[in-house]
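> Here is a sequence together with a model predicted from it:
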Amino acid sequence: MKQNARGKMKLLWSIFCVFFKIGPSTFGGGYAMIATIEEEIVRKKRWMNEAEMGDMISVSGSAPGGVAVNSATFIGYRLGGVAGAVAAVIAITLPTFLIVFLLSGLRLLFKDNVKVEAALKGIHAAVVALIIVAAGKMWKASVLDAVTFALVAVSLALLLFTQIHPFYLIVGGLTAGVLVVQYNQKRGKSIVTEQVRTEESRDLQFPEYYI
């Protein structure tokens, strides 16, 4: 019993340390954190594989709330239940809270500083690159055939040219996916729900990140 409790506490501490490191090391939040989360969870700790990572991104992006917090909750709960989810959420939010709290107190001192403004512009550019990388990975994991490509194209067009709320696109995509699968089942067609990856493609899809 003691060994089980000790192992549980060791796992919770490991979850806390991983997400506590992710929190302050990634600027931009949300999808900008995906690359770092992937590096820590998939490659270093091997707590999840690439397919599970793709599912986690989809669920975290579709659920209400921030993607980073949702991802931490998903991974923490999968590894350590409710206690693991709590540890992961506290760990990923605590550093950001402390940093923002500190910076808010120094805001008046540095808001007109040219060097600070230049540094923030550089960070913004890097965040754009991180988000593009996350989008590329989601594309590889999600666009499987003509139907999923059509859903991406229609959703993008609606977001760009209409005032539709993203919630309706999420619900519409979910509904379309269910209907297409049911239709293919009735027709006896093969159903593809994820990319088939070889060991070689795995290495190409998950390059090293230094963040």
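Yes, it's here.
> contacts and neighbour counts: CA atoms only from here.
Fine.
> Helix, strand, or coil at L144?
Secondary structure assignment for L144 (DSSP: H, G, I helix; E, B strand; the rest coil): coil.
> I'd like to know how many residues surround it.
15 (other C-alpha atoms under 10 Å).
> Where does the prediction get shaky in the chain?
Scanning the chain for pLDDT under 70 picks out 1-3, 25-32, 107-108, 111, 190-211.
> which residues of it fall in helices?
2-25, 34-38, 50-62, 67-110, 114-142, 146-161, 166-187, 199-205 (DSSP state H).
> Deepest-packed of these, please.
The highest average neighbour count among the helices of the chain, using mean count of other C-alpha atoms under 10 Å, belongs to helix 34-38 at a mean of 22.
> got a list of what the closest residue to I75 other than its chain neighbours touches?
What sits nearest to I75 in space, not counting adjacent residues and going by C-alpha to C-alpha, 6 or more residues apart in numbering, is A85, at 7.1 Å. Contacts for A85 (C-alpha atoms under 8 Å, 6 or more residues apart in numbering) come out as 72-78.
> sorry, back to before: can you list the helices of the chain in CSV and add distance to K44?
As requested, these are exported to CSV (distance: least, C-alpha to C-alpha, whole Å):
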stretch, distance to K44
helix 2-25, 10
helix 34-38, 9
helix 50-62, 13
helix 67-110, 14
helix 114-142, 18
helix 146-161, 31
helix 166-187, 32
helix 199-205, 14
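> Okay, the residue nearest to I75 and F19: tell me how far apart.
Between A85 and F19 the distance is 11 Å, computed by C-alpha to C-alpha, to the nearest Å.
> and if you look at G80?
Distance check for G80 against F19: by C-alpha to C-alpha, it reads 14 Å.
> do the same with L11
To F19, L11 is 12 Å away according to C-alpha to C-alpha.
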